[in-house]
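Enquirer: Could you work out the structure for the sequence below:
(one chain, ligands or ions: 1)
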Amino acid sequence: MTDEPQPVSRTQETIDRFSRYVIGNYTRLPIVAVRGEGPYVWAADGKRYLDLFSGWAVTGVGHCHPRLVEAIREQAGRLIYMPNTWYTEPQGRLAQWIAETGFGGKSFFCNSGTEANEAAIKLARIHTPPGKYKIITFENSFHGRTFASVTATAQPRYHQGFQPLVPGFMYAPLNDMEAVEKLVDEETCAILVEPIQGEGGINLARAEWLKALRDLCDQRGMMLVFDEVQTGVGRCGTWWGYQTVDVVPDIMTMAKQLAGGTAIGAMCAREEVAASLVPGTHAATFGGNPLAAAAGCAVFEIIRDENLLENANQMGTYLRRQLLELKQETPLIAEVRGVGLMIGADLVQNGADLVAKCLDKGLHINCTHETVLRIMPPLNITREQLDEGLAILRDAMSEWQAQGN
Ligand SMILES: Cc1ncc(COP(=O)(O)O)c(C=O)c1O
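Expert: Prediction:
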């Protein structure tokens, strides 16, 4: 030991700066990320992490994919911003990508998932006859943090301290048709649902139930809105999550991996529905800006050119199979769920310590709803990279088990 003052590390310097200047509304890992490449991220202290979480499914084509970087560079040198009172080329091209990979329709652009849902809520209300305003959402859903979206999020812990919330939201259990039917009345304008609940613990909405919701919406003049913020843009091995269940919504929201990590959100609606958003009804200053939209177009091109939907299916099947094998080896995993590369392993107890152990060993995954390990690798993940992650998970799990868990 020496009495000499030690130089403050690059990591500590940044953490100190955050303590002083950044609001503490996140629980942060004591790691400063400085560089990413493919599924790997490097910290300021030089340590490398395998990122099989992709930042809540945002870096869907991996970190700093060369074609994404080039598209952003090229667009940054050409035009970064013009207001939506002008036309810009990338926004039009991105809307075309969304329509052609989805159900047609027209898009509105914003900057985040929560904003996309706000737009959908407003559109559902303005498109349906006056007096219809109620929206049904589902227990354990997650739709964002702005006021209408957080009200739509049927989890009391996100409401705590923020009441009164936005009027008109009612909640039902997922996959329960009887409960939905009981809530619907003449004032109901929409049903808003995630095809797979992400934050809620990788809970799959059943195809027959979604079909029944579709029928109910058609019969009662209501909008069926799918929140595809986490499931969209290839995550489920199809362009959109709804394509895995073959039920088409009237309105779909998206964000996360839509522009590979640059800020974006969007709402796509059937053309007739979209027509209700006339000038003056809704807007977003930065929505669909050339930089984010060019990044979005690059993401779609990369997924198409590199056959990433197929890769997501193949690697997702492989990962689920490996997790099921792991389940045979340990009593700690109760169930493995998921579609494509949106995968959850439900543990028999709180998994926070296990996730921390994995991180310590260089693997980044997430635990949601206390017990669900959430694994959402980039769509271009390889089998070798998954094996690397699985070896770390297996190792962390046996240590965890040996500690009496
Ligand atoms: C399904 C879903 N909807 C909406 C959101 C909110 O997105 P954002 O954080 O971009 O506002 C999230 C974020 O996790 C989400 O998973």
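
Enquirer: quick one: secondary structure of Ile23?
Expert: Judged by DSSP: H, G, I helix; E, B strand; the rest coil, the three-state class of Ile23 is coil.

Enquirer: how far does stretch 349-365 sit from the chain's center?
Expert: Mean C-alpha position of stretch 349-365 versus that of the full chain (Cα atoms, centre = their mean, to the nearest Å) differs by 20 Å.

Enquirer: Could you pull up the contacting residues of Thr368?
Expert: With contact taken as Cβ atoms under 8 Å, 6 or more residues apart in numbering, Thr368 is in contact with 198-202, 344, 374. For the C-beta atoms, the positions are set from N, CA and C on the backbone; glycine is no exception.

Enquirer: and if we set it to 6 Å?
Expert: 199, 201, 374 (Cβ atoms under 6 Å, 6 or more residues apart in numbering).

Enquirer: Then Glu301?
Expert: Going by Cβ under 6 Å, 6+ apart, Glu301 touches no other residue.

Enquirer: Check Arg374 too.
Expert: By Cβ under 6 Å, 6+ apart, the contact list for Arg374 reads 344, 366, 368.

Enquirer: And it, how close does it get to Gln314?
Expert: With distances defined as Cβ to Cβ, to the nearest Å, the gap from Arg374 to Gln314 amounts to 20 Å.

Enquirer: Gly198 now?
Expert: Counting by Cβ to Cβ, the gap from Gly198 to Gln314 is 21 Å.

Enquirer: The two - which one has more neighbours?
Expert: Taking other Cβ atoms under 10 Å, Gly198 and Gln314 do not tie; Gly198 has more neighbours (25 against 15).

Enquirer: Leaving out sequence neighbours, find the closest residue to that one.
Expert: Counting by Cβ to Cβ, 6 or more residues apart in numbering, Gln230 is the residue found nearest to Gly198 once chain neighbours are left out, at 3.8 Å.

Enquirer: count of neighbours near the one residue in the stretch 1-150 of the chain that gets nearest to the ligand?
Expert: Going by Cβ to the nearest ligand atom, the ligand is nearest to Gly113 of the stretch 1-150 of the chain, at 2.3 Å. The criterion is other Cβ under 10 Å. On that basis, Gly113 has 28 neighbouring residues.

Enquirer: Then Ser9?
Expert: For Ser9, the neighbour count with other Cβ under 10 Å is 12.

Enquirer: what about the spatially most central residue of the chain, distance to Glu181?
Expert: To find the centre residue of the chain, average its C-alpha atoms and take the closest one (Cα atoms, centre = their mean): that gives Gln230, at 2.4 Å. Here Gln230 is placed at a distance of 27 Å from Glu181 (Cβ to Cβ).

Enquirer: just Cys189 next, same as before
Expert: Counting by Cβ to Cβ, the separation of Cys189 from Glu181 is 16 Å.

Enquirer: If you count surrounding residues, which of the two has more?
Expert: Between Cys189 and Glu181, counted using other Cβ under 10 Å, the more crowded position is Cys189 (25 against 12).

Enquirer: Doesn't the more buried one belong to a helix?
Expert: No. With the criterion set as three-state DSSP, the secondary structure at Cys189 is strand rather than a helix.

Enquirer: from the contacts of Arg374, which ones fall inside strands?
Expert: Members of those lying in strands (criterion: DSSP state E): 344, 366, 368.
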